[in-house]
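Enquirer: Give the three-dimensional model of this entry:
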Amino acid sequence: MFKKAAVFTDIHFGLKGNSKIHNQDCENFIDWYIDQAKQNNCETGIFCGDWHHNRNSLNLTTMDSTIRCMEKLGQAFEKFYFFDGNHDLYYKDKRDVNSTAFAKHIPGITFIDSIYQEEDVALVPWLVGDEWKKISKINAKYLFGHFELPSFYMNAMVQMPDHGELKAEHFKNQEYVFSGHFHKRQKQGKIHYIGNAFPHNYADAWDDSRGMMVLDRENNTEPQYIDWPDCPKYRTVKLSQLIDEQSTLIKPNMYLRVNLDLPISYEEASFVKETFINNYGCREISLIPQKQLEEINTELDIQQFESVDQIVAGEIAAIDSDNFNKKMLLDIYNELWYR
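Expert: Numbers count the residues shown, from 1 in each chain. Alright, predicted model coming up:
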């Protein structure tokens, strides 16, 4: 199927309400990925699911970026293999309605819409129904998929519970399993979660180990991971730390959540945000009051800040799994916090 492949996953075009900034990040990543693939002599590309973010609809500006990038990928490789993740599917239990099937009409793109094997390589889109039972019957050294396996971390904070039918032990006939779906790069035994293309939100804070993987099948070497150096970065810091370490801490295109461990007025807060956005090229600065502090300032417009409640609610909403009841998690948080 390939001698040397460049692999990435979970780019999520259309994230953040079809943000132009995010879609441009996606395009910049694709350009970097293609350049790295050429530098590493990769004749084949593989994408492991979740090209789009919104399961229900596609924005035209997002579609414009999507088509442009797919055409680039089709032209850059001898073959580019592409299969769906759960975010690309309209239904949870079948793949017949999806947002990416048009890719089969783009020259150079091989769209995989069912379990596929060639030589010692298998490609597996998001599993539906009882398809998980077929995994143990696949005899392939290398298996690429979009799996939701227990005990792995969905992000830095949330570990997947032991729920669902598919387990790591079902991959008994493989030496390497490479998966999308969970955004944190990680490895347990033969199973590798590649990690998303680049950080997407504060669940990825302080973890810039995102980018792509190179697999040299011809020389039978271990996978090589390459981080995208220009990826958007997310950081959570204390105000005191930000003041002391601003020259080394702040980078362009950074998203910052600043925990207010020092008293600060509304005017000072506005100055901090304006200064770091203008002078350092930060994309966003959220100032977060600590609940244990006294009222920060009587002049403070609390709407200018993001509350802890908003942060928790946002992180729960960002959990990408049907095995978590998000409403129940919010109810548990509210009960523990306010009782």
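Enquirer: Can you report how many residues neighbour residue 163?
Expert: For residue 163, the neighbour count with other CB atoms under 10 Å is 11. C-betas here are computed from N, CA, C, even on glycine.
Enquirer: Could you report the distance from it to residue 4?
Expert: As defined by CB to CB, to the nearest Å, residue 163 lies at a distance of 37 Å from residue 4.
Enquirer: Next: residue 40.
Expert: Counting by CB to CB, the gap from residue 40 to residue 4 is 7 Å.
Enquirer: Can you work out which residues contact both of these two?
Expert: residue 214 (CB atoms under 8 Å, 6 or more residues apart in numbering).
Enquirer: what ranges do the helices span in the stretch 1-150 of the chain?
Expert: 15-18, 20-39, 60-76 (DSSP state H, counting those that start in this stretch).
Enquirer: any idea how far the longest one is from the chain center?
Expert: Distance of helix 20-39 from the chain centroid (CA atoms, centre = their mean, to the nearest Å) equals 14 Å.
Enquirer: mean confidence for it?
Expert: In this model, helix 20-39 has an average pLDDT of 98.
Enquirer: Can I get that helix as PDB, trimmed to CA atoms?
Expert: Taking Å, rounded to 0.1, in the frame of the first residue of the first chain, the C-alpha atoms of helix 20-39 are listed here in PDB:
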ATOM      1  CA  LYS A  20     -12.100  32.100   9.900                       C
ATOM      2  CA  ILE A  21      -9.000  32.000  12.200                       C
ATOM      3  CA  HIS A  22      -9.400  28.300  12.900                       C
ATOM      4  CA  ASN A  23     -10.000  27.500   9.200                       C
ATOM      5  CA  GLN A  24      -6.900  29.500   8.300                       C
ATOM      6  CA  ASP A  25      -4.900  27.500  10.900                       C
ATOM      7  CA  CYS A  26      -6.200  24.400   9.200                       C
ATOM      8  CA  GLU A  27      -5.000  25.600   5.800                       C
ATOM      9  CA  ASN A  28      -1.600  26.600   7.200                       C
ATOM     10  CA  PHE A  29      -1.300  23.200   8.800                       C
ATOM     11  CA  ILE A  30      -2.000  21.400   5.500                       C
ATOM     12  CA  ASP A  31       0.700  23.500   3.800                       C
ATOM     13  CA  TRP A  32       3.200  22.600   6.600                       C
ATOM     14  CA  TYR A  33       2.200  18.900   6.500                       C
ATOM     15  CA  ILE A  34       2.700  18.700   2.800                       C
ATOM     16  CA  ASP A  35       6.100  20.300   3.000                       C
ATOM     17  CA  GLN A  36       7.200  18.000   5.800                       C
ATOM     18  CA  ALA A  37       5.900  15.000   3.900                       C
ATOM     19  CA  LYS A  38       8.000  16.000   0.900                       C
ATOM     20  CA  GLN A  39      11.100  16.600   3.100                       C
END
